[in-house]
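Asks: sequence and predicted model, in that order:
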Amino acid sequence: MTNGGAAGGSSVVGQGGGTLGSGGSQSGAAGSEGLTPVGVAGQGGGGGSSNVAGASAGGSASGAGGAAAGGTGGSVGGGGTGATAGPSCADGTAFLCDGFEDATSGVFPDDGVWIANQCTSHTVDGAVARTGEQSLRAGAEMYPACMAHADISSQTDVHARSWIRLGASSTQSGHEVGLLEFGPTNADNPEVRVGFRDNDSVCVAAPGLEVTVDGVEGGERTSCSGVALDAERWYCLEVHFSRSPGRITFGVKVDGDTVVPETEYADATAWGDGPMFLKLGRSAYGGNQTWPVWHDDVVVSSQPVGCAD
């Protein structure tokens, strides 16, 4: 994908959405519920698409036309292809692990993993959990200040895994809702925001999971996957993020399947090698509806994590 994008505006990167095509050969413990991808036409440029190890500025070209419409709802279960052993919390190969079991229910996580926060919208929930008895319940909040923050300033290449569960239809999002974010401050600029846009003009042709990046030349850019998430179901969300001065790379998987391919921006002028925070929970941009998001079994490592516990 080219490093273009209209100056002063938001460009949309066509991702195609065919990754989880018809038939969906993967299956997992959750059965045959499918992720539903839809193709989207590329509108302007938007960073390169490449593997991190050999990324070159610009990556492969993409623009008007994008990719063809995706499949018809592949069959992807709760584990998908990600059910392989990854970094272990037990032996220390992962540098952040939290299932929220050691935190106090009803308050912001106080187990020492996350930076203390006085906001009341993100609390440990003793009634909903994927494993164990507790999870992080992320309620309505504007912008990322009240998300759970972890200082990852010493890291330049990060793989983050969180199991997520939406509490209501994502069509209530209003604009953009963030689930997992990276940024050098508590503020929302610059940031890499992994979330979804279901009722928003930016991803109108392919609503669902997306990645929005700012702090790059030409203004904010969004990669729309067209992969929708159902309510009341746990999904394995994996995000890869790497950075160097003036350059960032990201990619997103759900249940082990790629939904936003590895993408590089070599014109990330606002990004450096100083402070960096992982932000987990729920943030709303342009809307503040009350439905929650739950996170559980969070693992962050310098290696791919996968969906196995």
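Replies: The structure has been received and is ready for your questions. If you're wondering where the values come from, they're calculated on a predicted model, not measured in any experiment.
Asks: can I assume residue 296 is in contact with residue 101?
Replies: No - using CB atoms under 8 Å, residue 296 is not in contact with residue 101, being 9.6 Å away. For glycine as for every other residue, the C-beta is placed from the backbone atoms N, C-alpha and C.
Asks: and for the two, which residues touch both?
Replies: Counting by CB atoms under 8 Å, 6 or more residues apart in numbering, the contacts common to residue 296 and residue 101 are 132, 134.
Asks: looking at those two, which is more packed in?
Replies: Using other CB atoms under 10 Å, the more surrounded residue of residue 296 and residue 101 is residue 296, with 22 against 14.
Asks: beta partners of the more buried one?
Replies: Beta bridges link residue 296 to residue 163, judged by DSSP bridges.
Asks: identify the residues contacting it.
Replies: Contacts of residue 296 (CB under 8 Å, 6+ apart): 99-100, 129-132, 134-136, 162-163, 165, 234.
Asks: any of those residues buried? List them.
Replies: With neighbours counted using 16 or more other CB atoms under 10 Å, these contain these buried positions: 99-100, 129-130, 134-136, 162-163, 165, 234.
Asks: which member of the residues you listed is positioned nearest residue 214?
Replies: residue 162 (22.0 Å; CB to CB).
Asks: now the contacts of residue 296 in CSV, with pLDDT?
Replies: Formatted as CSV, the contacts of residue 296 follow (pLDDT from 0 to 100):
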residue, pLDDT
99, 97
100, 98
129, 98
130, 98
131, 97
132, 97
134, 98
135, 98
136, 98
162, 98
163, 98
165, 96
234, 98
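Asks: out of the residues you listed, which is nearest to residue 269?
Replies: Minimum distance to residue 269 across the contacts of residue 296 is 29.0 Å, recorded for residue 162 (CB to CB).
Asks: what sits against that closest one?
Replies: 179-180, 237, 280, 295-299.
Asks: quick one: which of those residues is nearest residue 200?
Replies: residue 179 (14.9 Å).
Asks: isn't the closest one right up against residue 195?
Replies: Yes - at 4.9 Å, residue 179 counts as touching residue 195 under the criterion of CB under 8 Å.
Asks: just want to know which of the two has more residues nearby.
Replies: Taking other CB under 10 Å, residue 179 and residue 195 do not tie; residue 179 has more neighbours (25 against 21).
Asks: so that one: helix, strand or coil?
Replies: Following DSSP: H, G, I helix; E, B strand; the rest coil, residue 179 is assigned to strand.
Asks: show me the contacts for residue 294.
Replies: Counting by CB under 8 Å, 6+ apart, residue 294 has contacts 125, 128, 130, 135-138, 164-165, 167.
Asks: do the same with residue 175
Replies: 197, 199-200, 284-287.
Asks: kindly indicate which of the residues you listed lies nearest residue 210.
Replies: residue 197 (5.3 Å).
Asks: confirm for me that that closest one is in contact with residue 222.
Replies: Yes - counting by CB under 8 Å, residue 197 touches residue 222, with 7.4 Å between them.
Asks: re the thing from before, out of the contacts of residue 162, who's nearest residue 154?
Replies: residue 299 (17.1 Å).
Asks: now the contacts of residue 296 in CSV, with secondary structure and distance to residue 90?
Replies: Listed next are the contacts of residue 296 as CSV, based on DSSP: H, G, I helix; E, B strand; the rest coil; distance: CB to CB, whole Å:
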residue, secondary structure, distance to residue 90
99, coil, 12
100, coil, 17
129, coil, 19
130, coil, 18
131, coil, 14
132, coil, 15
134, coil, 19
135, strand, 20
136, strand, 21
162, strand, 18
163, strand, 18
165, strand, 25
234, strand, 22
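Asks: can those go into a markdown table with extra columns for distance to residue 190?
Replies: Listed next are the contacts of residue 296 as a markdown table, based on distance: CB to CB, whole Å:
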| residue | distance to residue 190 |
| --- | --- |
| 99 | 30 |
| 100 | 29 |
| 129 | 33 |
| 130 | 31 |
| 131 | 34 |
| 132 | 35 |
| 134 | 33 |
| 135 | 29 |
| 136 | 25 |
| 162 | 22 |
| 163 | 27 |
| 165 | 28 |
| 234 | 30 |
